[in-house]
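Visitor: Build me a model from this:
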Amino acid sequence: MRRVLSILLVLVYFNTPDIQGQETNRTFLYITAEKDTISRSKFLEESHRYTNWFLPPTSPDTSYTYITEDRFGIYLVDYVKFKSKLKQLTSNELSSENPTFLITYQFLNDRCNLSRGSNFFDSSDVYFLYRWQKKEMKKIKKKFDNIQIIYLFQEGIEFDKINKDFILLKDTGNYFRNKFFTTPSSCGSYLLVKPNGQALLMNTGEFGLYNYAKFLEPNRWNIYFSDPELKKATKN
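Guide: Residues are numbered from 1 along each chain as shown. Modelled structure (predicted):
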């Protein structure tokens, strides 16, 4: 089990295009929403625009990644309804106040997780994830007031719970998958939702929990919510 967990850590941290490119005997191709296939060098020119979804291998020497140009989502949401939908997934784990929610979403059949062999996170897997993220969560809560961090799993993923301070919820009925996390992103996606209804989605799981939380800094947040040129979608 320890060996499996070590492999998972390596994949989550390093299963990115840059690291993949160091595997010298493998060809990496990227498939766009228009079904075009582009080379790794072409992809790297504008990789910051893309969301990645690793596809099952079709041969031992070629890897395919599906890419779409929807790395960020900027939304205005009904906060009360959003929190109510979260409450339906848990009896007593949400803050009684109105926190800013930081949600990390895990997708079914994500090859980042399937390296473990299944869509099931047993207690050892969850404890490993908790130890890995514990320092990140502590830094976030120290830097930002009234923030609640939630790990949300698409329906079909099973998991054990180990710690009441480590909130893991199943997206029963896939409400959040269908409403917000509509584009699968390898290694997960992130969503920040403020009490005023402003919400920022990022489809790239390799970015890191603390790095994503730093989008709450006013000089960064205002880029998305003060610029009239940026289109915001209403999610009610």
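Visitor: Return stretch 105-113 as CSV; C-alpha atoms alone will do.
Guide: What follows is stretch 105-113, C-alpha atoms only, in CSV (Å, rounded to 0.1, in the frame of the first residue of the first chain):
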residue,chain,number,x,y,z
TYR,A,105,-13.6,18.5,-7.1
GLN,A,106,-12.5,15.0,-8.1
PHE,A,107,-13.9,13.4,-11.3
LEU,A,108,-14.9,9.9,-11.9
ASN,A,109,-12.4,7.8,-13.9
ASP,A,110,-9.7,10.4,-13.6
ARG,A,111,-6.5,8.8,-14.6
CYS,A,112,-4.7,10.7,-11.9
ASN,A,113,-6.6,8.6,-9.4
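Visitor: can you tell me which helix or strand the residue nearest to residue 214 when sequence neighbours are not counted belongs to?
Guide: Of all residues not flanking residue 214 in the chain, residue 220 sits nearest, at 6.7 Å (CB to CB, 6 or more residues apart in numbering). Glycine gets a C-beta too; all of them are placed from N, C-alpha and C. Taking DSSP states H and E as the definition, one finds residue 220 inside helix 218-225.
Visitor: Buried ones in that helix, by neighbour count?
Guide: The neighbour-count criterion (16 or more other CB atoms under 10 Å) identifies 221, 224 as the buried residues of helix 218-225.
Visitor: Mean confidence (pLDDT) on the helix or strand containing residue 134, please.
Guide: Following DSSP H and E, one finds residue 134 within helix 123-143. Averaging pLDDT along helix 123-143 gives 87.
Visitor: Following element in sequence after it, please.
Guide: strand 147-154.
Visitor: Direction-wise, compare that next one with helix 123-143 and give the angle.
Guide: Relative orientation of strand 147-154 versus helix 123-143 (axes from the mean of the first three to the mean of the last three CA atoms, to 10 degrees): 150 degrees.
Visitor: Strand 147-154 packs against which elements?
Guide: Counting contacts by 3 or more CB pairs under 8 Å, 6 or more residues apart in numbering; DSSP states H and E, strand 147-154 packs against strand 100-106, helix 123-143, strand 167-171.
Visitor: Quick check: which of these is buried the most?
Guide: Mean neighbour count, computed with mean count of other CB atoms under 10 Å, is highest for strand 100-106 among the helices and strands packed on strand 147-154, reaching a mean of 22.
Visitor: low-confidence ranges in the protein?
Guide: For the chain, the stretches with pLDDT under 70 are 1-35, 43-70, 91, 113-117, 205, 229-231.
Visitor: Would you map the strands across it?
Guide: Per DSSP state E, the chain has strands spanning 27-31, 37-39, 51-54, 62-68, 72-77, 100-106, 120-121, 147-154, 158-159, 167-171, 189-193, 198-202, 233-235. These are given in chain order.
Visitor: will you turn the ones you listed into a markdown table that also has distance to residue 139?
Guide: Shown next, in a markdown table, are the strands of the chain (distance: least, CB to CB, whole Å):
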| stretch | distance to residue 139 |
| --- | --- |
| strand 27-31 | 33 |
| strand 37-39 | 37 |
| strand 51-54 | 26 |
| strand 62-68 | 30 |
| strand 72-77 | 23 |
| strand 100-106 | 12 |
| strand 120-121 | 23 |
| strand 147-154 | 11 |
| strand 158-159 | 24 |
| strand 167-171 | 17 |
| strand 189-193 | 15 |
| strand 198-202 | 18 |
| strand 233-235 | 28 |
